[in-house]
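[1] Next one to model:
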Amino acid sequence: MNHTTLTFYGGLRTIGGTVISLQYDDSRIIFDFGFVYSPENNIFDRQIKPRKNSVVKDYLKLGLIPSIDGVYNKEDLPEHSSIIPADTYTGNTTVLISHLHLDHMGAMGLINPSVPVYMTEDSLHLYQTLDVIGEGVQGNRGYSSCKYNQPFTVGKITITPIQVDHDVLGACAFHIQTPDGAILYTGDLRMHGAHPERIQAFIQKAKEIGFDAVIMEGTTLSSEEELAEEMLVAKKELPEDLVTETMIPVKMTEVLKETKGIGIFNIYHRNIDRIRGVLQAGIETGRKVVLEAGTAQIALNHLGAQNFLVFESEEIRQSPVPEWQSQLFDKTSTISYKQINQNPGQYFVQNSYDHSLELFDLNVENGVYLHSNGVPLGSFDPAYHNLERVLQNIGLERVSIGTGGHAIPQNLSYIVEELDPATLIPLHSFHPERLQPKNGMQLLPQYGKTYLLTEGKIGEK
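    Numbers count the residues shown, from 1 in each chain. Model prediction:
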């Protein structure tokens, strides 16, 4: 007799790194396939060099990717490994990617090319741009796309992607139906983004299809000492002091209008809404927005926007550039630091962390550095202190204007109450136990342990 099994390989008490396997008969889906987000514990500190020909072996040894049968190339596995390679695995496997953040998709390129990897059409379009500008993942393989609200099957498993709002284009939840019941995996989501209506539509769609269990992210959940119990009371409304995505350009505009000198911004450009907000702030303040080449390519491909200039540093001017960048320069107007320095107060210039030394060429007197969820995200990242040193060196004030990509605790509770699952499985959190179901049971699974889904109920095998 066939049963649906669930096995959790990653992401239970970490931020990201979620890897879950669901199997029925000889068909299996795995979702997602990224790395745990923990910059303070990153072994690749720019001094230890990754070994290009031993990535899978080294990552398995370091625990960065899970030991799962039927996923990796035989030649990539350690000698005498007990892991069954993809080419000798007898089952039918498909991998699902909920969205394009590294903690959910960073390792997908290491999957054997014979294993299909699906993401939404929006995600695939964005990934193709990221790959062009040099931000693709390691590995050489192809990817498939799926459409919101359009089911597709893997054996007797039916998957329906449902759009959610997160701070990256293409994010979705997955509704997964087997003959034994239905699972709803939320992926990452928020209610304070530019598209809160997507969350209401997601809840409605999920209720219409029906489900037995919800696997839910809980990134913002903190300990009892850090987060009072009343902050977990379910609320749809947002706190008055919460900065929403749509407020970002307004707040940037306010700061820029008070700034005589140059405006600098640092964003994570997978957030297309943030790029749009920066361009809006430029229009509102009469400043010309200057983008780095990679962000400019994303703006062209996904916003159709051309109301910006592209920064051409001295390093770029004196070095051969890749073909995509050459084509970009042909389509857009470029600007150098010397041109910006003629009238710095007229510009709003992008500067990502890895380009921090470019700030030394700019006239930053009376300027401001707007840190808007760009890398490094916070003081937990060693890079944060490096950035502080650079900014102090040139006397540039740093102002934080940003908002997170994850639902705040009371909104998480609201979504759970609205869904009201019979079984709630919270993860992607340091304190998943704090997210409680309204009427059903809470399951806190263990790594590597297999659970059965039988007649809509989940229990230990």
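
[2] and after the helix or strand harbouring residue 389, which helix or strand comes next?
    According to DSSP states H and E, residue 389 maps onto helix 382-394. Using DSSP H and E, the next helix or strand after helix 382-394 towards the C-terminus is strand 397-400.

[3] pLDDT on that next one, on average?
    Regarding strand 397-400, the rounded mean pLDDT is 96.

[4] any idea how far the helix or strand bottoming out on mean pLDDT in the chain is from the chain center?
    Sorting the helices and strands of the chain by mean pLDDT, DSSP states H and E puts helix 314-317 at the bottom, at a mean of 76. Remark: helix 314-317 is offset 31 Å from the chain centroid, using C-alpha atoms, centre = their mean, to the nearest Å.

[5] now what about that helix, what contacts it?
    293, 325, 336, 337, 361 (C-beta atoms under 8 Å, 6 or more residues apart in numbering). All C-beta atoms are positioned from the backbone trio N, CA, C, and that covers glycine.

[6] mind listing what's buried in that helix?
    Within helix 314-317, the residues scored as buried using 16 or more other C-beta atoms under 10 Å are residue 316.

[7] thinking again about what came up before, what's the closest of the contacts of helix 314-317 to residue 456?
    Nearest to residue 456 among the contacts of helix 314-317 is residue 293, at 51.2 Å by C-beta to C-beta.

[8] thought residue 90 was touching residue 26?
    Yes - at 6.8 Å, residue 90 counts as touching residue 26 under the criterion of C-beta atoms under 8 Å.

[9] the more surrounded of those two?
    The neighbour comparison of residue 90 against residue 26 (other C-beta atoms under 10 Å) goes to residue 26, with 13 against 8.

[10] you'd agree the more buried one is up against residue 89?
    No - if you go by C-beta under 8 Å, residue 26 and residue 89 don't touch, sitting 9.9 Å apart.

[11] Leaving out chain neighbours, which residue sits closest to residue 137?
    residue 109 (3.8 Å; C-beta to C-beta, 6 or more residues apart in numbering).

[12] any idea how far residue 72 is from that neighbour?
    Look at residue 109 and residue 72: by C-beta to C-beta, to the nearest Å, they are 11 Å apart.

[13] Return the residues in contact with residue 166.
    Here residue 166 is in contact with 99, 187, 188, 189, 190, 193, 405, 406 (criterion: C-beta under 8 Å, 6+ apart).

[14] for those residues, which one is nearest residue 341?
    residue 405 (34.8 Å).

[15] List the single closest residue to the closest one in space, sequence neighbours excluded.
    residue 167 (3.4 Å).

[16] next one: phi and psi at the one you found?
    phi -90, psi 40 (degrees, to the nearest 10).

[17] Confirm that residue 28 sits in a strand.
    Yes - counting by DSSP: H, G, I helix; E, B strand; the rest coil, residue 28 is located in a strand.

[18] what's the burial count for it?
    Considering only other C-beta under 10 Å, residue 28 is surrounded by 25 other residues.

[19] check contacts around the nearest residue to residue 67 once chain neighbours are set aside.
    Spatially, and ignoring its direct neighbours in sequence, residue 67 is nearest to residue 83 (5.5 Å; C-beta to C-beta, 6+ apart). Applying C-beta under 8 Å, 6+ apart to residue 83 gives the contacts 60, 67, 68, 69, 72, 77.

[20] how does this protein divide into domains?
    4-225+406-460, 245-400 (automatic domain parsing).

[21] ok, back up a step: counting neighbours, which of the contacts of helix 314-317 comes out on top?
    residue 293 (23 neighbours).

[22] Tell me if I'm right that that residue and residue 310 touch.
    Yes - judged on C-beta under 8 Å, residue 293 makes contact with residue 310 at a distance of 5.8 Å.

[23] Name the residues contacting each of these two.
    By C-beta under 8 Å, 6+ apart, the residues touching both residue 293 and residue 310 are 328, 329.

[24] Cheers, nothing more for now.
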